[in-house]
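Asks: only the shape, not the letters, is given here:
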């Protein structure tokens, strides 16, 4: 069987798992932050947070699928791990940078409100 | 057979890197809770949420870095187990030093946050009324 196809399926499994897991954690903990920012409207907070989560999923999974379009040709198992790790690393690092950026802004907003 | 030795190297490297990250972040953020509760005085829910979010960020950054430096250059690899051990030791040692630096960076952030939150204590406004002249 074509090694590239196996690589693609493993890659999609890993990245989608990471993206969904991180999104859920941020969603749950982010609820508390949004509730502090918009103090007395819980329903509104939940809706805002839901829309944010949806946008996050769309952007990240879209990016993950786009990277499939120019993948190097995989000929051996070590090449498979190399290309897998490289592409996963790029997406995970982007996530990390975005995440730290968000944390910075959120804590800033909360400090301003207090 | 060169590719298979490189493959063995990857199989050894990946679990070690991920386990290192896991243990470091577990220790750091189990103890980080105290700092966070100190920083957000008394607001436990926000403190715990911030702690969790920092933990996720730590995981993402370090596992991402571990995966980025994984590749072994096959042109420089001369197909002996000795070379494999040397390359692996360089990679794992380098990653461990990097983790240590990240750990200290996070500790510095914790300490700085605590210092800042102690500096701007809530100002107690004091109203001084002029005393009425004694007659």
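Replies: Great, that's in hand. Please read these numbers as outputs of a predicted model, since none were measured by experiment.
Asks: retrieve the pLDDT associated with residue 90.
Replies: Going with chain A. Here the pLDDT value assigned to residue A:90 is 90.
Asks: oops, wrong one, chain B.
Replies: Residue B:90 is assigned 90 on the pLDDT scale.
Asks: burial of it, as a residue count?
Replies: Using other C-beta atoms under 10 Å in any protein chain shown, residue B:90 has 11 neighbouring residues. Placement of C-beta: from N, CA and C, glycine included.
Asks: in terms of helices and strands, where is it?
Replies: Following DSSP states H and E, one finds residue B:90 within helix B:81-119.
Asks: name the helices or strands packed onto that helix?
Replies: helix B:2-39, helix B:44-68 (3 or more C-beta pairs under 8 Å, 6 or more residues apart in numbering or on different chains; DSSP states H and E).
Asks: any buried residues in it, and which?
Replies: Buried residues in helix B:81-119, counted by 16 or more other C-beta atoms under 10 Å in any protein chain shown: B:84, B:87-88, B:91-92, B:95, B:99, B:102-103, B:106, B:110, B:113.
Asks: check stretch B:41-54 too.
Replies: B:43, B:46-54.
Asks: among these, which ones lie close to chain A?
Replies: Intersecting the buried residues of stretch B:41-54 with the surroundings of chain A, defined as C-beta under 8 Å from any C-beta of the partner chain, gives B:46, B:49-50, B:52-54.
Asks: list the contacts for residue A:78?
Replies: B:3-4, B:6-7, B:10, B:72, B:74 (C-beta atoms under 8 Å, 6 or more residues apart in numbering or on different chains).
Asks: between those residues, which is nearest residue A:93?
Replies: Taking C-beta to C-beta as the measure, residue A:93 lies nearest residue B:10 of the contacts of residue A:78, at 19.1 Å.
Asks: which residues of chain A lie near chain B?
Replies: Checking chain A against chain B by C-beta under 8 Å from any C-beta, the hits are A:22, A:25-26, A:29-30, A:32-33, A:36, A:76-79, A:81-82, A:85-86, A:88-90, A:92-93, A:95-96, A:99-100, A:103, A:107, A:110.
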